[in-house]
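Student: Task: produce atomic coordinates for the following.
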Amino acid sequence: MHRQSVRLIIFATFNNQIIFFMKKLLPILMLIFSANVLMAQPAGFWGPRHETVNIWPDGAPNAFTYDASTDPQGEKYKDALLEIYPARNPNGYCVLVCPGGGYAMLSMTHEGRDIKDWLNARGFTCCMLQYRMPRGHHDVPLSDVQQSMRIIRGREDLGITHIGVMGFSAGGHLASTAATHYVDAVTRPDFQILVYPVITFEKPYTHNGSVYGLLGENPSQEMLDLYSNQKHVTSDTPPAFILAASDDWLVPVKNSLMYYEALIENKVSVSMHIYPTGGHGFGWGDNYIYKSEWSAELERWLNTVVIR
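Tutor: Residues are numbered from 1 along each chain as shown. Now for the predicted structure:
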């Protein structure tokens with residue numbers, strides 16, 4: 001064979017080996033490069049990071065002990081935790097969500113975390129509160145809400161200028177308590193969203209389980225009046241959005257009506273939406289027949305009344 005032909009064959013074989021080697025190596029090099037690019041990006045580059053904060057890291061001033069053997073739900077929620085879900089494009093507004101559960105347990109999913117994506121997509125930072133079960137220590141849930149508001153307002157990195165409270169059922173009672181029992185400008189919510197809320201502790205319209213959970217057995221009339229929140233509305237009470245169903249079998253719709261009337265009497269802006277069906281506990285579930293209607297009304301209210 002001619003010497004030049006041999007050289008060409010050797011060269012071609014060598015090139016083929018290089019090409020084969022590069023085909024095998026290139027994906028690995030690309031993977032290493034991509035990993036380095038990802039690691040080099042600043043925190044939050046790929047979207048805001050959610051975090052969970054213990055709001056009483058040194059212990060709550062009104063802490064008490066739960067018996068895990070007889071009160072597993074109390075033990076489960078013994079620590080007040082704040083889940084913070086920042087929006088990718090924040091508008092400076094935050095919604096602090098209080099799940100329901102009759103002050104005995106918490107519906108953390110359909111009355112809590114399920115709403116975070118909807119709020120985030122509209123620029124709202126969503127903070128979900130796992131508040132402690134009071135077991136008759138009536139000041140415990142409200143203190144958790146107020147401490148959460150102090151934390152959120154004090155976090156400059158979140159960029160929050162306005163905080164609203166949102167609550168479902170007993171969480172609605174807690175949210176309306178925050179709106180009517182605040183102690184200063186820091187703990188006063190800027191707006192309130194109440195979904196089939198417990199409002200009054202007066203019979204026959206109250207929810208007995210919530211009364212027992214918050215106040216214990218045989219509460220005094222003074223305590224019942226203190227937590228009948230329609231009695232504590234003033235002209236400085238924040239604007240409200242109220243949602244309920246006429247056929248609510250657990251928390252009579254009269255609760256929402258009483259609060260609405262008190263707000264109107266005090267010239268507080270309020271938007272109330274009562275649908276004919278739905279019962280109690282539909283939360284943020286997509287299976288609720290009026291989900292699209294009420295979520296659209298909520299968005300319109302947020303954009304026209306809350307955001308200024």
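Student: What ranges in the stretch 201-308 of the chain fall below the confidence cut-off?
Tutor: Counting by pLDDT under 70, the stretch 201-308 of the chain shows no low-confidence range.
Student: hmm, try it at 90
Tutor: Scanning the stretch 201-308 of the chain for pLDDT under 90 picks out 308.
Student: in it, which spans are helices?
Tutor: 208-215, 221-226, 254-265, 291-301 (DSSP state H, counting those that start in this stretch).
Student: And these: which comes nearest Met108?
Tutor: Nearest to Met108, of all the helices of the stretch 201-308 of the chain, is helix 208-215, at 16.4 Å by C-beta to C-beta. (C-beta placed from N, C-alpha, C; glycine too.)
Student: mind checking how far the closest residue to Glu261 other than its chain neighbours is from Asn218?
Tutor: Using C-beta to C-beta, 6 or more residues apart in numbering and skipping the chain neighbours, the partner closest in space to Glu261 is Gln230 (7.4 Å). Distance of Gln230 to Asn218, computed by C-beta to C-beta, to the nearest Å: 23 Å.
Student: Any idea how far apart the tips of stretch 57-67 sit?
Tutor: One end of stretch 57-67 sits 21 Å from the other (C-alpha to C-alpha, to the nearest Å).
Student: what's the answer for stretch 237-248, then?
Tutor: Terminal residues of stretch 237-248 lie 26 Å apart, using C-alpha to C-alpha.
Student: Tell me, how many residues neighbour Leu302?
Tutor: 21 (other C-beta atoms under 10 Å).
Student: was I right about Asp79 contacting Asn54?
Tutor: Yes. Look at Asp79 against Asn54 with C-beta atoms under 8 Å: they come within range, at 5.9 Å.
Student: who touches stretch 241-256?
Tutor: With C-beta atoms under 8 Å, 6 or more residues apart in numbering as the test, stretch 241-256 has contacts from 169, 191-200, 204-207, 259-260, 270-282, 294, 297-298, 301, 305.
Student: for that stretch, which positions count as buried?
Tutor: Residues of stretch 241-256 classed as buried: Phe241, Ile242, Leu243, Ala244, Ala245, Asp248, Val251, Pro252, Val253, Lys254, Asn255, Ser256 (neighbour count, 16 or more other C-beta atoms under 10 Å).
Student: which pair in the residues you listed spans the largest distance?
Tutor: Using C-beta to C-beta, the buried residues of stretch 241-256 reach their maximum pairwise distance at Phe241 and Pro252, which is 19.3 Å.
Student: before we move on, back to that, my guess is the residue nearest to Glu261 contacts Pro197, does it?
Tutor: No. Using C-beta under 8 Å, Gln230 is not in contact with Pro197, being 10.6 Å away.
Student: out of the two, which sits in the busier spot?
Tutor: Between Gln230 and Pro197, counted using other C-beta under 10 Å, Pro197 has the larger neighbour count: 29 against 21.
Student: quick one, what contacts the more buried one?
Tutor: 167-169, 171-173, 175-176, 242, 244, 251, 255-256, 259.
Student: next one: Ser107
Tutor: Ser107 neighbours (C-beta under 8 Å, 6+ apart): Pro99, Gly100, Gly101, Phe168, Ser169, Gly281, Gly283.
Student: Distance check, it against Asn255.
Tutor: Ser107 is 18 Å from Asn255, by C-beta to C-beta.
Student: circling back: from the contacts of Pro197, which is closest to Glu83?
Tutor: Comparing the contacts of Pro197 against Glu83 with C-beta to C-beta places Gly171 closest, at 14.2 Å.
Student: neighbours around the closest residue to His232 other than its chain neighbours, how many?
Tutor: Closest residue to His232 apart from its sequence neighbours, by C-beta to C-beta, 6+ apart: Thr180 at 4.0 Å. Thr180: 24 surrounding residues under other C-beta under 10 Å.
Student: Show me just the buried residues among the contacts of Ser107.
Tutor: Among these, the ones that count as buried (16+ other C-beta under 10 Å) are Pro99, Gly100, Gly101, Phe168, Ser169, Gly281, Gly283.
Student: Surely the third one touches His173?
Tutor: No. Under the contact definition of C-beta under 8 Å, Gly101 does not touch His173, with a separation of 11.0 Å.
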